[in-house]
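*Asks:* Build me a model:
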Amino acid sequence: MFDSLSSKLQNVFKNLRGLGKISDSNVSESLREVRLALLDADVHFKVARDFIEGIKQKAIGQQVIQSIQPGQQIIKIIHDELVALLGSENAGLSLEGHPCCMLMVGLHGSGKTTSSGKLARLLHKQGRTPLLVAADVYRLAAMDQLETLGRQVDVPVFIRKGETDVLKIAREALEYAGAEKRDTLIFDTAGRLQIDEPLIQELVRLRDLVHPQEILLVLDAATGQEAVNVATHFDQALNITGAILTKLDGDARGGAALSLKAVTGRPIKFAGVGEKLEDFEPFHPERMASRILGMGDVVSLVERAAEAVDLDDAKRLEEKMRKGQFSLEDFLDQLRQMKKLGPLENIVGMLPGGSEMIKGADLSRSEKEFLHMEAMICAMTLLERRNPQILNAKRRLRIAKGSGVTVTELNNLLNRFGQMQQMMKKFGKFQKMLGKMGMPNPSMCDKKIKF
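*Replies:* Predicted coordinates:
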């Protein structure tokens, strides 16, 4: 996520940390590099200029706080200004109205349909009863795609195939929502060019009909500062309430995210960080700024883990570990739980200093190793997973062939698993010893962690 910008800013920070004092000359040189990094990331030139001026005014003549190095103080100023540039705080959805209506608008290929499905999933998890409305009557596959997404997220989809009047579809959808007691309508509209005035006017008429609480502009993060021009045009025509940035897991340079709020005054409300339906999260400016500056985003990582991991399963697994009953079947469950957190690169990138740590590392190789492990365990019978000691040469050859690996790779997995079991048994004995001594049991599952 914004790898190039993040890398350049972190290099600037390395020089800043060595500053002995804050002066006009050394600050100006560092801020010049920051400005070049922003322009290279396709940030709007006026936004980059104002950003640097704001930092300079706060840094020059700043009273250095005792026990904090001058360079660190400037880094703190840059962080705070970046948070302000991104929007200061998360802008939630307005969910008033009976029903609440949301229009998803944007250019062709920006990800409106997928984002509609992701948003419906999120609202459904929050206890609302959304209805997806297929209002794209121009792209042939749009209705089928939305219908598929609706099934995946367990949300009904209102479709009128063959109907070309968007306003008629909207009226019938409102009637259907009232009859079925659906409290939120998400209209997936057709993609269009900002210069396509007839289609823009169709959106205006749709807005005037349904009176939406939210008009969300879906923007491809890779668009750069051109996204600002798109947002400005849509805002002038529709008075948008916010934006959704998609494809942040790709090669986005950061221009759209860093320019949007400053130029249009409209907040980024959500970010699409992957292809899966669960790869959709509220946009938190402070967390995003920390990620860009290489400070990690532990809060988002914990939230993602809390969503992916079942607490009851974790307690049962801990009990098995304590008793030395951890099997290959349990190991397979853990591999699958880890996959729910997302790509390994994203997970490590959320740790403080994680982006530096993975520079030059071939994490795709580690991902493949996980896939091979999963394939090897899946090729075993249930009896073999629970009792790996019965795996003789004949069984190992069958499993290796069935999972597309060599017997050596399978042996390596079994050896590492055996070592893991031995460590768990020792840990179980250590816990029993603590219990006999009257000391507290170091169980993570029983602790309530607050943030």
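*Asks:* Let me see the ranges of the strands in this structure.
*Replies:* Secondary structure of the chain by DSSP state E: the strands cover 100-106, 130-135, 157-158, 184-189, 214-220, 242-246, 268-272, 280-282.
*Asks:* Each with direction, which strands does the third one pair with?
*Replies:* Yep, that's strand 157-158 we're talking about. Strand 157-158 has its sheet partners listed here by DSSP bridges as strand 130-135 (parallel).
*Asks:* The partner strand versus strand 100-106: what angle between them?
*Replies:* 40 degrees (axes from the mean of the first three to the mean of the last three C-alpha atoms, to 10 degrees).
*Asks:* wait, what's in contact with the closest residue in space to I169 that isn't next to it in sequence?
*Replies:* Leaving aside its sequence neighbours, I169 sits nearest to R160 (C-beta to C-beta, 6 or more residues apart in numbering; 5.1 Å). (Glycine included, C-beta is placed from N, CA and C.) Counting by C-beta atoms under 8 Å, 6 or more residues apart in numbering, R160 makes contact with A134, K168, I169, E172.
*Asks:* measure R160 to L203 for me?
*Replies:* Look at R160 and L203: by C-beta to C-beta, to the nearest Å, they are 18 Å apart.
*Asks:* same deal with D188?
*Replies:* 12 Å.
*Asks:* Look at the two and report which has more neighbours.
*Replies:* Higher neighbour count among D188 and L203: D188, with 30 against 21, using other C-beta atoms under 10 Å.
*Asks:* surely that one meets L119?
*Replies:* No - judged on C-beta atoms under 8 Å, D188 makes no contact with L119 at a distance of 9.9 Å.
*Asks:* Quick check: neighbours shared by these two?
*Replies:* In contact with both D188 and L119: M104, using C-beta under 8 Å, 6+ apart.
*Asks:* quick revisit: select, out of the strands of the chain, the one closest to F417.
*Replies:* strand 280-282 (33.8 Å; C-beta to C-beta).
*Asks:* Summarise which helices and strands the closest one is packed against.
*Replies:* When contacts are defined as 3 or more C-beta pairs under 8 Å, 6 or more residues apart in numbering; DSSP states H and E, strand 280-282 packs onto helix 112-125, strand 268-272.
*Asks:* Helix or strand with the lowest mean pLDDT in this protein?
*Replies:* Every helix and strand in the chain was compared by mean pLDDT, DSSP states H and E; the lowest is helix 354-357, with a mean of 52.
*Asks:* From E275, how far off is the residue nearest to A289 when sequence neighbours are not counted?
*Replies:* Computed as C-beta to C-beta, 6+ apart, the closest residue to A289 that is not its neighbour in sequence is L82, at 4.2 Å. Noted for L82: a distance of 27 Å to E275, by C-beta to C-beta.
*Asks:* Settle it for me: which of the two has more neighbours?
*Replies:* With neighbours defined as other C-beta under 10 Å, L82 and E275 compare such that L82 has more, 22 against 11.
*Asks:* how about that one, what does it touch?
*Replies:* F51, L258, A289, I292, L293.
*Asks:* tell me which of those is nearest to V218?
*Replies:* Nearest to V218 out of the contacts of L82 is L258 (C-beta to C-beta; 18.0 Å).
*Asks:* For the stretch 201-350 of the chain, which segments are assigned as helices?
*Replies:* 226-238, 255-264, 285-292, 298-308, 311-323, 328-340, 344-349 (DSSP state H, counting those that start in this stretch).
*Asks:* Confirm for me that Q225 is in contact with G255.
*Replies:* Yes - the pair Q225 and G255 qualifies as a contact (C-beta under 8 Å) at a distance of 4.5 Å.
*Asks:* what residues are shared contacts of those two?
*Replies:* Joint contacts of Q225 and G255 (C-beta under 8 Å, 6+ apart) are D42, V43, H44.
*Asks:* for the last one, what are its contacts?
*Replies:* H44 makes contact with Q225, V228, G255, S259, A262, V263 under the criterion C-beta under 8 Å, 6+ apart.
*Asks:* how far away is L140 from M376?
*Replies:* 43 Å.
*Asks:* contacting residues for L217?
*Replies:* Contacts of L217 (C-beta under 8 Å, 6+ apart): V105, G106, V230, A231, F234, D235, I240, G242, A243, I244, R266.
*Asks:* For the last one, grab phi and psi.
*Replies:* Torsion angles at R266 (phi, psi; degrees, to the nearest 10) stand at phi -100, psi 130.
*Asks:* neighbours around it, how many?
*Replies:* R266 has 22 neighbours, counted by other C-beta under 10 Å.
*Asks:* any idea how far L391 is from it?
*Replies:* R266 sits 60 Å away from L391, going by C-beta to C-beta.
*Asks:* coming back round to it: more neighbours: which of Q225 and G255?
*Replies:* Each of Q225 and G255 has its neighbours counted (other C-beta under 10 Å); G255 has more, 27 against 23.
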